[in-house]
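>>> Show me how the following folds:
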Amino acid sequence: MDQEAERISKIGWHFDNTYSRLPGVLLSRLTPIPVKSPKLLILNKNLSEELGLDFSSLNEKNLGLLFSGNFLPKGSDAIAQAYAGHQFGYFTMLGDGRAIMIGEHLSKNNKRYDIQFKGSGITPYSRNGDGRAALGPMLREYIISESMNNLKIPTTRSLAVATTGENVIREKPLTGAILTRVASSHLRVGTFQYAAMKKDIKILKILVDYSIDRHFKNLKKENNNAIFLLNIVMKKQIDLITEWMRVGFIHGVMNTDNMAISGETIDYGPCAFMDTYNPETVFSSIDHTGRYAYINQPGIAKWNLLRFAETLIPLIDEKKERAIKIAEDIINNFGNIYKENWLKMMSDKIGLFGIDIKDEKLILDLLELMNKKKYDYTNTFCSLMKKDIKKENLYKDTDFIYWYKRWIYRLKRNNKPIDLSIKKMREVNPLVIPRNHKVEEALNSVNTNGDLKLFDKLLKILQNPYEDRPGNFEYQFGTKKNTKTYKTYCGT
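Next comes the predicted model:
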């Protein structure tokens with residue numbers, strides 16, 4: 001074991017664990033519960049290189065030990081984080097119920113990353129859960145998070161998935177697995193909610209200062225750190241939600257504990273991408289009211305930011321009424337800023353330059369048409385980028401032709417070659433997304449047969465979503481089956 005430990009220590013880990021030095025009320029120290037027979041299933045080599053880590057010297061046994069948490073590398077400091085959260089609008093005390101952060105790794109360019117094991121066993125926050133994870137949801141997070149990264153959307157990432165050699169019991173026995181998640185941090189709105197519940201302003205101030213130092217220290221700050229943090233987190237969230245809307249991504253569980261202040265997408269549970277455009281689309285099996293539907297995501301982000309602002313009231317101003325007014329004034333800017341971002345994003349998707357007072361109606365009319373005629377969200381914009389669009393099925397629709405002629409008229413008012421509009425569109429309109437039936441097909445192949453071929457092929461296709469590459473064709477269309485019945489699950 002000493003030789004194995006020596007090999008593992010030479011991978012290139014460089015831990016500098018700052019969160020674990022925060023007040024003890026924000027965390028619990030513990031180690032992952034060892035698993036029976038760990039085995040590495042998949043390793044993200046591209047991410048490994050970005051992190052400055054080299055696992056090539058480790059054999060299969062050691063890789064399993066490392067990515068299951070059975071062996072922790074030198075310099076790690078394993079903790080579970082405490083946090084609270086509004087889940088579907090209801091407040092509750094939470095925490096890492098099945099995740100353990102082993103430390104903060106510094107890459108060669110001095111960039112800091114949390115390294116977290118998800119599915120690593122019971123913690124003080126497990127709330128009667130088993131602390132474990134099933135293979136399917138961990139592979140789903142791996143493939144969707146990597147796709148989001150390739151789509152150029154801020155996201156946590158997945159370094160590895162290891163099986164545990166043990167079953168987890170859900171509706172039925174499932175293969176147990178552990179995902180290694182990499183994030184710029186796991187600081188959440190829920191982290192601040194937890195600190196605020198402790199009613200200790202010193203802890204809250206430490207958390208605010210720590211967050212700014214960790215994520216935003218290179219940006220110009222206001223005199224009041226709490227005001228600065230609220231403003232910058234709101235901007236990050238607006239940018240992120242705009243990106244989700246751009247590609248038709250539906251997070252599915254936008255609870256405050258799943259809202260990272262860094263502006264990264266975090267927690268890929270009941271998430272999915274739209275095929276047919278319907279703004280009311282919901283995939284989550286537990287979202288019975290449509291709270292987290294596609295069209296509601298901006299509003300929920302604002303609602304979550306209001307909860308964040310509430311935690312900061314004691315630090316915004318000594319007088320509560322004045323602090324509330326300041327916070328409300330900031331959050332009330334959300335709608336205008338988001339609309340400006342959204343209009344810019346949608347204008348890019350249809351290749352517009354400059355600003356025209358009629359642009360918003362042109363965009364909304366297209367979306368209304370897409371919804372009414374059940375057009376595919378991704379492929380509608382792909383069709384617009386084709387010079388031979390008259391061969392597309394869309395062009396058989398007289399309503400679309402009417403909109404198309406209006407669009408061409410607007411493009412001519414750009415006073416730029418149409419090729420420049422197409423170039424702009426190609427930068428923001430993916431040709432391939434993780435189509436739900438293709439994701440399920442890949443996951444089923446692994447779960448049923450232990451076969452990674454379809455999974456690896458899907459990963460490869462999703463590496464370059466904006467490029468038309470050989471083999472893409474079968475991945476560019478949704479299933480002909482009724483997608484309204486498609487459901488995704490939290491995996492807990």
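
>>> Show me what the helix or strand where L305 lies packs onto, helices and strands only.
L305 belongs to helix 297-316 when assigned by DSSP states H and E. Using 3 or more Cβ pairs under 8 Å, 6 or more residues apart in numbering; DSSP states H and E as the contact test, the elements touching helix 297-316 are helix 189-197, helix 201-215, helix 225-247, helix 320-331, helix 334-349. In this view, the C-beta of every residue, glycine as well, is placed from N, C-alpha and C.

>>> Deepest-packed of the ones you listed, please.
helix 189-197 (a mean of 25; mean count of other Cβ atoms under 10 Å).

>>> Next, the angle helix 297-316 makes with it.
30 degrees (axes from the mean of the first three to the mean of the last three Cα atoms, to 10 degrees).

>>> Provide the contact partners of helix 189-197 at residue level.
25-26, 81-86, 91, 93-95, 203-204, 207, 255-259, 261, 304-305, 307-308, 310-312, 314 (Cβ atoms under 8 Å, 6 or more residues apart in numbering).

>>> any low-confidence regions in this structure?
Low-confidence segments of the chain (pLDDT under 70): 1-9, 480-484, 490-492.

>>> Contacts only, for the closest residue to S68 other than its chain neighbours.
What sits nearest to S68 in space, not counting adjacent residues and going by Cβ to Cβ, 6 or more residues apart in numbering, is P38, at 3.3 Å. The contact partners of P38, taken as Cβ under 8 Å, 6+ apart, are 64-65, 67-68, 70, 162-165, 178.

>>> So which residue is smack in the middle of the chain?
T265 (2.4 Å; Cα atoms, centre = their mean).

>>> what sits against it?
T265 neighbours (Cβ under 8 Å, 6+ apart): 145, 148, 153-156, 240, 244, 251.

>>> Of the contacts of helix 189-197, just the buried ones, ChimeraX syntax please.
Buried subset of the contacts of helix 189-197, written as a ChimeraX selection, criterion 16 or more other Cβ atoms under 10 Å:
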select :26,81,82,83,84,85,86,94,95,203,204,207,255,256,257,258,259,261,304,305,307,308,311,312,314
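
>>> Run the chain-centre distance for the longest strand anywhere in the chain.
As assigned by DSSP state E, the longest strand anywhere in the chain is strand 157-169. Relative to the centre of its chain, strand 157-169 is centred 19 Å away, using Cα atoms, centre = their mean, to the nearest Å.

>>> Parallel or antiparallel, list what pairs with the helix or strand just after that strand.
Next along the chain after strand 157-169, taking DSSP H and E as the criterion, comes strand 173-183. Strand 173-183 sits in its sheet next to strand 112-118 (antiparallel), strand 133-134 (antiparallel), strand 157-169 (antiparallel), going by DSSP bridges.

>>> now those strands as TSV including mean neighbour count and distance to K390?
As requested, the strands paired with strand 173-183 are exported to TSV (neighbours: other Cβ atoms under 10 Å; distance: least, Cβ to Cβ, whole Å):
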stretch	mean neighbour count	distance to K390
strand 112-118	22	49
strand 133-134	24	48
strand 157-169	21	41
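
>>> Tell me the buried residues in stretch 431-450?
Residues 431-436, 438-440, 442-443, 445-446 are the ones in stretch 431-450 that count as buried (16+ other Cβ under 10 Å).

>>> likewise stretch 452-470?
454-455, 458-459, 461-462, 465.

>>> quick one: which of those sit in helices?
Members of those lying in helices (criterion: DSSP state H): 454-455, 458-459, 461.

>>> out of these, who's nearest A327?
The nearest member of those to A327, counting by Cβ to Cβ, is L459 at 42.7 Å.

>>> quick one on the thing from earlier: so which of the strands paired with strand 173-183 is nearest K344?
Smallest distance to K344 across the strands paired with strand 173-183 (Cβ to Cβ): 26.6 Å, for strand 157-169.

>>> tally of neighbours for S120?
31 (other Cβ atoms under 10 Å).

>>> That one: what's it in contact with?
Contacts of S120 (Cβ under 8 Å, 6+ apart): 32-33, 68-69, 98-100, 131, 178.

>>> Check Q297 too.
241, 244-245, 250-251, 254.

>>> Show me what the closest residue to I100 other than its chain neighbours is bridged to.
Leaving aside its sequence neighbours, I100 sits nearest to S120 (Cβ to Cβ, 6+ apart; 4.6 Å). In this entry, S120 is beta-bridged to R132, by DSSP bridges.

>>> How much space separates S120 from T180?
10 Å (Cβ to Cβ, to the nearest Å).

>>> now swap in F308 and tell me
Separation of F308 from T180 (Cβ to Cβ) stands at 28 Å.

>>> same thing with A301?
From A301 across to T180, the span is 28 Å (Cβ to Cβ).

>>> more neighbours, those two?
Counted by other Cβ under 10 Å, A301 and T180 do not tie: T180 has more neighbours, with 27 against 22.

>>> That one is in contact with S158, isn't it?
Yes: in this structure, T180 is within contact of S158 by Cβ atoms under 8 Å, at 6.9 Å.

>>> circling back to that earlier point, of all the contacts of P38, which comes closest to F473?
T163 (32.6 Å).

>>> I'd guessed that closest one sits against G176; true?
Yes: if you go by Cβ under 8 Å, T163 and G176 touch, sitting 6.7 Å apart.

>>> intersection of neighbour lists for the two?
In contact with both T163 and G176: L135, using Cβ under 8 Å, 6+ apart.

>>> Dump the longest strand of the chain to PDB, restricted to CA.
Taking C-alpha atoms only, strand 157-169 is exported to PDB below (Å, rounded to 0.1, in the frame of the first residue of the first chain):
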ATOM      1  CA  ARG A 157     -17.500  19.300 -14.800                       C
ATOM      2  CA  SER A 158     -17.000  15.600 -14.400                       C
ATOM      3  CA  LEU A 159     -13.600  14.100 -14.000                       C
ATOM      4  CA  ALA A 160     -14.500  10.400 -13.500                       C
ATOM      5  CA  VAL A 161     -17.100   7.900 -12.800                       C
ATOM      6  CA  ALA A 162     -16.300   4.700 -10.800                       C
ATOM      7  CA  THR A 163     -18.500   1.800  -9.900                       C
ATOM      8  CA  THR A 164     -18.500   0.700  -6.300                       C
ATOM      9  CA  GLY A 165     -19.100  -3.100  -6.600                       C
ATOM     10  CA  GLU A 166     -22.200  -2.500  -4.500                       C
ATOM     11  CA  ASN A 167     -25.900  -2.000  -5.300                       C
ATOM     12  CA  VAL A 168     -28.000   0.900  -4.200                       C
ATOM     13  CA  ILE A 169     -31.700   0.400  -3.500                       C
END
